[in-house]
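Peer 1: I'll drop the sequence and a predicted model, then ask my questions.
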Amino acid sequence: MPKLRTKYICQQCGGEQSKWVGKCPDCGAWNTLEEVADVPQHPTRQRRQTLMGNSSSIAQGTHIPVVLPEIQPLAQERISVGYEEMNRVLGGGLVAGSLTLIGGEPGIGKSTLLLQVAGYVARTAGPVLYVSGEESIEQVKMRAERLDISGERLYLLSSIEMEVIIDAANRMKPALVIVDSIQTTLAAQITSAPGSISQVRECTMQLMQLAKNTHTPVFIIGHITKEGTVAGPKALEHIADAVLYLEGERYHTYRLLRGVKNRFGATHEVGVFEMHGEGLLEVANPSAIFLADRAAGATGSAVVVSMEGTRPILVEVQALVIPSNFGNPRCTTNGIEYSRLMMLLAVLTKRVGLAVNNHDVYANVVGGFTLEEPAIDLGIATAIASSYREKNVAPDIALIGEVGLSGELRAVNRLAMRIREAAKLGFKRCIVPKAGGGSKVSAELANAGLPSDFKIATASTLAVALEIALHA
């Protein structure tokens, strides 16, 4: 009997090695190599038909190049998923033949959200096939009853075999297919275990071809690693037409559906949901929710206007600065990039003259939100200065601006949209950068329907902005 040969495959990047090593030479990840049988993979006739379509269609010439003007566009309109927040992230709804990947931490609400979407689409657009590889159909029904989903045209299938899933979809011709989750599916022609790099990639490819050949939108749920990325290779995200992440703190009720890739719409759009006993409910005005419990007159608090895709959101940023009792001051952040906070502390020390370098600094974004864009710099620096000087920022001031290493305030994009959102939520004043035409935008907005008592202050440096904010 010939000896069985084995190889080691990295579960992070898919790289192959002849022997086990602790650190993958290709991607640098630790302890990700797993031993698998080195069996030559010969494509079968069934696999060729799955990946390339029916062989008869090839003979008829449908897989030959076609000149662009002769291609007929898809007549089907976008399918609404029943939630305006999710439709915005998707670019207006589901596109026929699209493959959408939804990732998130365990228990964040991915299955709940897609089951609610399945119930709505089944009621309004047509039959829906919901495939569960982790739960039995009885368990899915219990969750559907809790969510008050009747589901007359919602079909449940408990299977992990990809051939069974594709056969059921081809027979049903549903309006939507949901696979929960891609890490549990199994392609028969791949010898590795479910969840391995080769299985995840092969199963995703087959689902992609199913979506393109039948013009059926497909949702797949993907688990994420402890680093916050979808488990498996980055190729999994490249295959999908849209990649969405459901984010949120486990101990907060708010969930953020963030789009990081979308071939049919804008990226980095955000939809806000709130978890209730009856499921996920969309939040139409997230800015008002995030600012609802703000304490008036407290030091170390400021309101920033952050752009999430094409949507401005007002969020409260808090800071606490206290003298350090040890030799090395501590710096702790939640919802703000650590390196950016350290840069702002250096600018405050060097350019403004605040001796925060020997203080412990704690920064937090209220509501479990994560802010990444540079336009929030002015708000973070103002909150730190407010706590250090024990002077509160007026509760009717919103702050917008990026801080440079020289202490200057740099221009931000979509300034007018940010200012209008602040005025709509009842703020009376706004501090913006003078650079990049800030004064011109302020003059234009003054004559464009803003409340007569709304004031816009421009500042060229961080020091000037702090004087305005802390002495208003």
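Peer 2: Thanks, I have it. Residues are numbered from 1 along each chain as shown.
Peer 1: isn't E249 right up against G368?
Peer 2: Yes: counting by C-beta atoms under 8 Å, G368 is a contact partner of E249 at 3.6 Å. Every residue, glycine included, has its C-beta placed from N, CA and C.
Peer 1: the two - which one has more neighbours?
Peer 2: Comparing E249 with G368 by other C-beta atoms under 10 Å, the one with more neighbours is G368, at 19 against 16.
Peer 1: ok, which stretches of the chain are helices?
Peer 2: Assigned by DSSP state H, the chain shows helices spanning 45-52, 55-59, 84-90, 110-124, 137-146, 162-172, 197-214, 235-239, 286-290, 338-347, 377-389, 415-424, 438-446, 462-470.
Peer 1: where does the protein have low pLDDT?
Peer 2: 1-4, 39-63, 75-76, 225-235, 250-251, 437-439, 442-449, 472 (pLDDT under 70).
Peer 1: the longest strand in it is where?
Peer 2: Criterion DSSP state E: the longest strand present in the chain is strand 311-323.
Peer 1: name the residues of it that are buried.
Peer 2: R311, P312, I313, L314, V315, E316, V317, Q318, A319, L320, V321 (16 or more other C-beta atoms under 10 Å).
Peer 1: what sits against the residue lying closest to L113 once chain neighbours are set aside?
Peer 2: Computed as C-beta to C-beta, 6 or more residues apart in numbering, the closest residue to L113 that is not its neighbour in sequence is L280, at 5.2 Å. Neighbour list for L280: G109, T112, L113, Q116, R255, F273, E274 [criterion: C-beta atoms under 8 Å, 6 or more residues apart in numbering].
Peer 1: make TSV out of those residues and add neighbour count and distance to V361.
Peer 2: Listed next are those as TSV, based on neighbours: other C-beta atoms under 10 Å; distance: C-beta to C-beta, whole Å:
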residue	neighbour count	distance to V361
G109	18	33
T112	20	37
L113	26	36
Q116	25	41
R255	26	29
F273	25	32
E274	16	31
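Peer 1: return the member of those nearest to K212.
Peer 2: L113 (24.5 Å; C-beta to C-beta).
Peer 1: N262 contacts L90, correct?
Peer 2: Yes: with contact defined as C-beta under 8 Å, N262 and L90 form a contacting pair (7.1 Å).
Peer 1: and for the two, which residues touch both?
Peer 2: Contact criterion C-beta under 8 Å, 6+ apart; residues shared by N262 and L90: A242.
Peer 1: nearest residue to G104 in space, please, no chain neighbours.
Peer 2: L246 (3.7 Å).
Peer 1: the one you found contacts L113, doesn't it?
Peer 2: Yes: L246 lies in contact with L113 (C-beta under 8 Å); the separation is 6.7 Å.
Peer 1: need the overlap of contacts for the two.
Peer 2: Jointly contacting L246 and L113 under the rule C-beta under 8 Å, 6+ apart are I102, L257.
Peer 1: now D396: closest residue in space, sequence neighbours ignored.
Peer 2: Using C-beta to C-beta, 6+ apart, the closest residue to D396 is K428 (4.1 Å).
Peer 1: what's the burial count for that neighbour?
Peer 2: The number of residues packed near K428 is 16, by other C-beta under 10 Å.
Peer 1: next up, the contacts around it.
Peer 2: Going by C-beta under 8 Å, 6+ apart, the list of residues near K428 reads D396, I397, P451, D453, F454, K455.
Peer 1: identify the farthest-apart pair in these.
Peer 2: I397 and P451 (14.7 Å).
Peer 1: so which of these two has more stuff around it?
Peer 2: When I397 and P451 are compared for neighbours, I397 comes out ahead with 22 against 11, by other C-beta under 10 Å.
Peer 1: separation between the nearest residue to that one once chain neighbours are set aside and F454?
Peer 2: What sits nearest to I397 in space, not counting adjacent residues and going by C-beta to C-beta, 6+ apart, is R429, at 4.7 Å. Separation of R429 from F454 (C-beta to C-beta, to the nearest Å) stands at 7 Å.
Peer 1: between the two, which contacts overlap?
Peer 2: Counting by C-beta under 8 Å, 6+ apart, R429 and F454 have no common neighbour.
Peer 1: put the alpha carbons of stretch 390-410 into PDB.
Peer 2: Coordinates of the C-alpha atoms in stretch 390-410 are reproduced here as PDB (Å, rounded to 0.1, in the frame of the first residue of the first chain):
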ATOM      1  CA  GLU A 390     -11.700  71.400  34.100                       C
ATOM      2  CA  LYS A 391     -13.700  73.600  31.700                       C
ATOM      3  CA  ASN A 392     -16.700  72.200  30.000                       C
ATOM      4  CA  VAL A 393     -17.600  72.500  26.400                       C
ATOM      5  CA  ALA A 394     -21.000  74.200  25.700                       C
ATOM      6  CA  PRO A 395     -23.600  71.500  25.000                       C
ATOM      7  CA  ASP A 396     -24.700  73.200  21.800                       C
ATOM      8  CA  ILE A 397     -21.300  73.100  20.100                       C
ATOM      9  CA  ALA A 398     -20.400  70.500  17.500                       C
ATOM     10  CA  LEU A 399     -16.700  70.100  16.400                       C
ATOM     11  CA  ILE A 400     -15.400  69.200  13.000                       C
ATOM     12  CA  GLY A 401     -11.700  69.200  11.900                       C
ATOM     13  CA  GLU A 402      -8.600  67.200  11.300                       C
ATOM     14  CA  VAL A 403      -5.500  68.100  13.300                       C
ATOM     15  CA  GLY A 404      -2.100  68.200  11.700                       C
ATOM     16  CA  LEU A 405       1.300  67.700  13.500                       C
ATOM     17  CA  SER A 406       2.000  71.400  13.300                       C
ATOM     18  CA  GLY A 407      -1.200  72.100  15.200                       C
ATOM     19  CA  GLU A 408      -3.100  73.400  12.200                       C
ATOM     20  CA  LEU A 409      -6.700  72.400  11.400                       C
ATOM     21  CA  ARG A 410      -7.000  70.800   8.000                       C
END
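Peer 1: please enumerate the strands of the stretch 1-150 of the chain.
Peer 2: Residue ranges of the strands in the stretch 1-150 of the chain, as given by DSSP state E, counting those that start in this stretch, are 6-10, 16-17, 33-37, 99-104, 128-132.
Peer 1: pull out the buried residues from stretch 181-193.
Peer 2: S181, I182, Q183, T184, T185, L186, A187, I190, S192.
Peer 1: ugh, typo on my part, it should be stretch 10-22
Peer 2: Using 16+ other C-beta under 10 Å as the test for burial, stretch 10-22 gives C10, Q11, Q12, C13, G14, G15.
Peer 1: name the nearest residue to the first one, sequence neighbours excluded.
Peer 2: This means C10. C24 (4.3 Å).
Peer 1: rewinding a little: including distance to H223, could the contacts of K428 go into JSON lines?
Peer 2: Shown next, in JSON lines, are the contacts of K428 (distance: C-beta to C-beta, whole Å):
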{"residue": "D396", "distance to H223": "44"}
{"residue": "I397", "distance to H223": "42"}
{"residue": "P451", "distance to H223": "48"}
{"residue": "D453", "distance to H223": "51"}
{"residue": "F454", "distance to H223": "47"}
{"residue": "K455", "distance to H223": "49"}
